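J.: One predicted model, sequence on top.
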Amino acid sequence: SQKIEQNSEALNIQEGKTATLTCNYTNYSPAYLQWYRQDPGRGPVFLLLIRENEKEKRKERLKVTFDTTLKQSLFHITASQPADSATYLCALWMDSSYKLIFGSGTRLLVRP
Amino acid sequence: GAVVSQHPSWVICKSGTSVKIECRSLDFQATTMFWYRQFPKQSLMLMATSNEGSKATYEQGVEKDKFLINHASLTLSTLTVTSAHPEDSSFYICSASVQRAAGVTYEQYFGPGTRLTVT
């Protein structure tokens, strides 16, 4: 079965730096890979979707890359701000079963 | 756009009672809604997929008689936890897919979640 690995340790960075979060998966590449943000006690918020034939996607300060050879996606936040502190979830869309599978998330802490 | 609401945001109930959680898409029609549960510091676990006008599809290990799902309209799905027990205490989150004219897109829009505590 498909497994998703995200770094369970919190990423602690200084404000203004670029945060880079990693998502690795096993087995076959999904048609879509998505990133969500989740704040404590809240539902996830959709951020970006990248298709298997896309290598990079950008949205404001966010950038996602998708390497189907490495079976990896990287999520970057440039010029990070304390307000970016949250847990970021990677999710894979499974065409075969029509559902999203989530990683356990990586917590990002941006120090002022 | 693409706002999903959940009600209630939190609920405390006694063991043995039933609790209903509502999930509404406020500004779009959702043919498919999903129900997840999340334990502290863990990822979202899909419980079931709810399609408007048809029976929900439950994930392996989820008791369909205990977690009743009804998707009565394109904007409303409900999850009823029947005969709740303390081990059912969790954070329940619904989501809805946006279906666009040019085809289905797969991002999901999540509700704010419902914290259920069973005493």
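T.: Nice, thanks for sending it over.
J.: B:Ser77 bridge partners, please.
T.: Here B:Ser77 sits in beta bridges with B:Cys23, going by DSSP bridges.
J.: if I pick it, what's in contact with it?
T.: Taking C-beta atoms under 8 Å, 6 or more residues apart in numbering or on different chains, we find B:Ser77 in contact with B:22-23, B:30, B:33, B:35, B:50, B:69-71, B:94, B:96. Just so you know, the C-beta spots here come from the backbone N, C-alpha and C atoms, and that holds for glycine as well.
J.: Between these, which sits nearest chain A?
T.: Chain A has its nearest neighbour among the contacts of B:Ser77 in B:Cys94, at 8.0 Å by C-beta to the nearest C-beta.
J.: before we move on, back to that, format the contacts of B:Ser77 as a markdown table; extra columns: secondary structure, pLDDT and neighbour count.
T.: Formatted as a markdown table, those follow (DSSP: H, G, I helix; E, B strand; the rest coil; pLDDT from 0 to 100; neighbours: other C-beta atoms under 10 Å in any protein chain shown):
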| residue | secondary structure | pLDDT | neighbour count |
| --- | --- | --- | --- |
| B:Glu22 | strand | 97 | 16 |
| B:Cys23 | strand | 95 | 28 |
| B:Ala30 | coil | 83 | 28 |
| B:Met33 | strand | 91 | 30 |
| B:Trp35 | strand | 96 | 26 |
| B:Ser50 | strand | 87 | 26 |
| B:Ile69 | strand | 94 | 24 |
| B:Asn70 | strand | 90 | 14 |
| B:His71 | strand | 87 | 23 |
| B:Cys94 | strand | 96 | 31 |
| B:Ala96 | strand | 91 | 27 |
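J.: Pick out the most distant pair among these.
T.: For the contacts of B:Ser77, the farthest-apart pair by C-beta to C-beta is B:Asn70 and B:Ala96; their separation is 14.7 Å.
J.: Work out for me the element the residue lying closest to B:Ser43 once chain neighbours are set aside sits within.
T.: Leaving aside its chain neighbours, B:Ser43 sits nearest to A:Ser104 (4.2 Å; criterion: C-beta to C-beta, 6 or more residues apart in numbering or on different chains). For A:Ser104, there is no enclosing helix or strand under DSSP states H and E.
J.: since we're on A:Ser104, how many residues are nearby?
T.: If you count neighbours by other C-beta atoms under 10 Å in any protein chain shown, A:Ser104 ends up with 16.
J.: For A:Leu21, see how far away it is.
T.: Using C-beta to C-beta, to the nearest Å, one gets 12 Å for the distance from A:Ser104 to A:Leu21.
J.: B:Ala2 too?
T.: Distance from B:Ala2 to A:Leu21, by C-beta to C-beta: 24 Å.
J.: what's the burial count for B:Thr31?
T.: 17.
J.: Same check on A:Pro40?
T.: Count around A:Pro40 with other C-beta under 10 Å applied: 8.
J.: before we move on, what about A:His76?
T.: With other C-beta under 10 Å as criterion, A:His76 counts 16.
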